[in-house]
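**Student:** Provided below are the primary sequence and the corresponding predicted coordinates.
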Amino acid sequence: MARGREPISRTVYLSDEPKAEVPSVYVAGEMVTVLRFEKPCDRERTKLLGWEGRFEPVECVGKKVLVEPLKDIKPEDSFLLVVTLADGKELPFTVTARNEQFDHQVNVFPDNETKGALQSRLEYSQYKERILKEQNERYRKEETSIDHALAALLAKGALKMTPFRQQYVSLVKNPRGAEILVTVLTSKKPDSKKPDKVAVIINLKNNSPSESSSLMEARLVAEGSGEQRPLALRATQESWGPGGESGQIAVVFNAGAFDLNDSPDRLVLELFRQGSGIREAWVFLDRHMLGL
């Protein structure tokens, strides 16, 4: 991780259209970004313009091109990288930066019809299909879940229609521009002294000027072992646009999650972003603070 930015891997399919946009490569100071091609590159004819004093010399290693800034550059900075393949084909890229992420590896396919490009598209389609199947299965199970019904009410702000009572509130900001207000609640059965359910309401405001934020997955895990616990989740929307758009996420789970197997004192609720799988937010839940 470079100063709060997450490393990601991407695939870029180039176009032969004359007016096609030059693809961007996002870098971070003292971190190596790898561009991977299907064919070897020509070391002598691969150049980064204006690199002196800002980058290490660009290296061609077989089918890979390595780019490493000496220090962070700003999103408004841009440098032209021209990669020349062994067959003489020149491929231009804009080397720049963005606040949330940087490219650890970029897989480049100049020809969309090659075996490698088709295989990459197939694997991505299979991945999306698997995600959709998992979502459909999860939604099917949610239809009869009391916890999901409670989470839906909390996400819509209908706290008075639930048995939950507020325990504590905290405000955090993450490196990617999100402002997150976390409210932790518990509920008790009439004949019980200890809570039987725990709820977390997350008010997320996306203050990023350019990046949207979307939820892919939430996980409740035991601190230390990382063992997952079951939970119910509802959200007011699937994504939050840049410039201050906000929404709510609500999670409900049984208090017995603290008593499974290793019986940890703390559980961690993690929220991940769509597409990149970046962890957007995390909340530590202490059993003693919750009266368990």
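**Tutor:** Done, it's in.

**Student:** so where's the protein uncertain?
**Tutor:** Of all residues in the chain, those with pLDDT under 70 make up the ranges 1-5, 16-18, 20, 111-129, 131-144, 173-177, 215-216, 261-263, 274-277.

**Student:** domain parsing for it?
**Tutor:** As recorded under automatic domain parsing, the domains making up the chain are 6-112, 146-286.

**Student:** now the ones you listed as a markdown table including mean neighbour count and distance to Leu292?
**Tutor:** From N, CA and C alone the C-beta is placed, and that goes for glycine too. Conversion of these to a markdown table gives the following (neighbours: other CB atoms under 10 Å; distance: least, CB to CB, whole Å):
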| stretch | mean neighbour count | distance to Leu292 |
| --- | --- | --- |
| domain 6-112 | 16 | 33 |
| domain 146-286 | 17 | 6 |
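
**Student:** for Glu270, see how far away Gly226 is.
**Tutor:** Separation of Gly226 from Glu270 (CB to CB, to the nearest Å) stands at 10 Å.

**Student:** please apply the same query to Glu68.
**Tutor:** Using CB to CB, one obtains 31 Å as the distance from Glu68 to Glu270.

**Student:** about what we covered before: out of the domains of the chain, the one nearest Arg130 is which?
**Tutor:** Of all the domains of the chain, it is domain 146-286 that lies closest to Arg130, at 12.7 Å by CB to CB.

**Student:** got the end-to-end distance for the closest one?
**Tutor:** With CA to CA, to the nearest Å as the measure, the ends of domain 146-286 fall 24 Å from one another.

**Student:** which ones are touching Ile249?
**Tutor:** Applying CB atoms under 8 Å, 6 or more residues apart in numbering to Ile249 gives the contacts 155, 201-202, 204, 215, 218, 233-236, 271.

**Student:** swap in 10 Å and give it another go.
**Tutor:** By CB atoms under 10 Å, 6 or more residues apart in numbering, the contact set of Ile249 is 151, 154-155, 180, 182, 200-204, 215, 218, 233-237, 269, 271, 280-281.

**Student:** do the same with Ala155
**Tutor:** Shown in contact with Ala155 (CB under 10 Å, 6+ apart): 201-202, 233-237, 247-252.

**Student:** in strands only, show me those.
**Tutor:** Helix and strand membership here follows DSSP state E; of the contacts of Ala155, those in strands are 201-202, 233-235, 247-252.

**Student:** and which of the residues you listed is nearest Arg165?
**Tutor:** Of all the ones in strands among the contacts of Ala155, the one with the least separation from Arg165 (CB to CB) is Ile201, at 12.4 Å.

**Student:** next, give phi and psi for the nearest residue to that closest one once chain neighbours are set aside.
**Tutor:** In this structure, Ile201 finds its nearest non-sequential neighbour in Thr183, 4.4 Å apart by CB to CB, 6 or more residues apart in numbering. For Thr183, the backbone dihedrals (degrees, to the nearest 10) come out as phi -120, psi 120.

**Student:** Thr183 and Ala158, how far apart?
**Tutor:** Taking CB to CB as the measure, Thr183 falls 14 Å from Ala158.

**Student:** do the same with Pro7
**Tutor:** Shown here: Pro7 relative to Ala158, a distance of 40 Å by CB to CB.

**Student:** now do Asp77
**Tutor:** Asp77 sits 48 Å away from Ala158, taking CB to CB as the criterion.

**Student:** before we move on, what about Val12?
**Tutor:** Counting by CB to CB - Val12 and Ala158 are separated by 45 Å.

**Student:** before we move on, the earlier item: out of the ones in strands among the contacts of Ala155, who's nearest Met31?
**Tutor:** Minimum separation from Met31 among those (CB to CB) is found for Ile202, which lies at 30.1 Å.

**Student:** quick one: the closest one and Ala235 touch, right?
**Tutor:** Yes - judged on CB atoms under 10 Å, Ile202 makes contact with Ala235 at a distance of 8.8 Å.

**Student:** mutual contacts of the two, please.
**Tutor:** Common neighbours of Ile202 and Ala235 (CB under 10 Å, 6+ apart) are 155, 215, 218, 247-251, 271.

**Student:** switch those residues over to CSV; also include distance to Lys193.
**Tutor:** Formatted as CSV, the shared contacts of Ile202 and Ala235 follow (distance: CB to CB, whole Å):
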residue, distance to Lys193
Ala155, 28
Leu215, 35
Ala218, 29
Gly247, 35
Gln248, 30
Ile249, 30
Ala250, 25
Val251, 24
Leu271, 31
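
**Student:** from the residues you listed, which is closest to Glu38?
**Tutor:** Looking at the shared contacts of Ile202 and Ala235 and their distance to Glu38, the nearest is Leu215, at 34.3 Å (CB to CB).

**Student:** quick one: the strands in the stretch 51-200 of the chain?
**Tutor:** All strands of the stretch 51-200 of the chain, identified by DSSP state E, counting those that start in this stretch, fall at 59-61, 64-67, 79-84, 90-96, 101-109, 165-173, 178-187, 197-206.

**Student:** good, we can wrap up now.
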